[in-house]
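Chemist: My questions concern the predicted model and sequence given below.
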Amino acid sequence: VISTNPEVLLALGKEELQKVKNDLEMVLSTVQSKNKQLKEDLKREQQWHDEQEQILVTLTRIEEEKRSEAEELLKTRELQELQNKMSKLRTYKEELLNALGEFLGEHFPLPERGRKLKKKKKSSEEPAVELITLNEILEILISKLLSTPHEPYVAINNSFWPPYVELLLRYGIALRHPEDPNRIRLEAFHM
């Protein structure tokens, strides 16, 4: 039963408002407490995030350093391997050249080694020319081909024994110059 007396109604209204006020104050206190807790959580999460970013930056830097160290180590290792291969190739080249020299010395000696080749001119007596071995002719041709590949021709002079020159030409080891028959070059087998 609701009373019609304004004082009773006023008292009831005040009491109801006080209840609402108390409820609202409790809700406000709870919300403020929750808000404070969320701010603390946000601060902790932000701090954790900053730490993670710092760790990520540090790890990225360390990874780059290690990667560059690994690349340098790999390059150093590859360089050492290449140097070892070059050394082996030089040794093998020397062995091949020695074997070639022995073979040529044994099978292609100069005619009467030490004999002087005299030019047959009746008008004047010229000094004798020392003949060079087939090995020396090949060395001259090889060095000319490697030093000046754009102009590999060597002039045939009196120290080249004609049978050796003919042998090189006949078996395709050397080629004559197309315009000057007194010049030859080594056939470029490596190309």
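Modeler: It's in. Numbering: from 1, shown residues only.
Chemist: where's the residue nearest to the spatial centre of the chain relative to Leu82, distance?
Modeler: Among the residues of the chain, Lys75 comes closest to the average C-alpha position under Cα atoms, centre = their mean, at 7.2 Å. From Lys75 across to Leu82, the span is 10 Å (Cβ to Cβ, to the nearest Å). Every C-beta, even on glycine, is put in place using the N, C-alpha and C of the backbone.
Chemist: Glu71 now?
Modeler: Distance of Glu71 to Leu82, computed by Cβ to Cβ: 16 Å.
Chemist: for Glu151, same thing?
Modeler: 31 Å.
Chemist: And for Asp180?
Modeler: Applying Cβ to Cβ, the value for Asp180 to Leu82 is 41 Å.
Chemist: Repeat that for Val57.
Modeler: For Val57, the distance to Leu82 (Cβ to Cβ) stands at 37 Å.
Chemist: And for Leu175?
Modeler: From Leu175 across to Leu82, the span is 34 Å (Cβ to Cβ).
Chemist: okay, these two: which has more neighbours?
Modeler: Each of Leu175 and Leu82 has its neighbours counted (other Cβ atoms under 10 Å); Leu175 has more, 16 against 10.
Chemist: Now do the helices in the chain.
Modeler: According to DSSP state H, the chain carries its helices in the segments 6-107, 134-147, 162-170.
Chemist: Please identify the most buried of those.
Modeler: Most buried of the helices of the chain, by mean neighbour count (mean count of other Cβ atoms under 10 Å): helix 134-147, with a mean of 17.
Chemist: how about that helix as CSV, C-alpha atoms only?
Modeler: As requested, the backbone C-alpha atoms of helix 134-147 are provided in CSV (Å, rounded to 0.1, in the frame of the first residue of the first chain):
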residue,chain,number,x,y,z
LEU,A,134,111.2,-28.2,-80.1
ASN,A,135,110.4,-27.7,-76.4
GLU,A,136,111.8,-24.1,-76.6
ILE,A,137,109.8,-23.4,-79.7
LEU,A,138,106.6,-24.6,-78.0
GLU,A,139,107.4,-22.5,-74.9
ILE,A,140,107.8,-19.4,-77.1
LEU,A,141,104.5,-20.1,-78.9
ILE,A,142,102.6,-20.8,-75.6
SER,A,143,104.0,-17.7,-73.9
LYS,A,144,103.1,-15.5,-76.9
LEU,A,145,99.6,-17.0,-77.1
LEU,A,146,99.0,-16.4,-73.4
SER,A,147,100.7,-12.9,-73.2
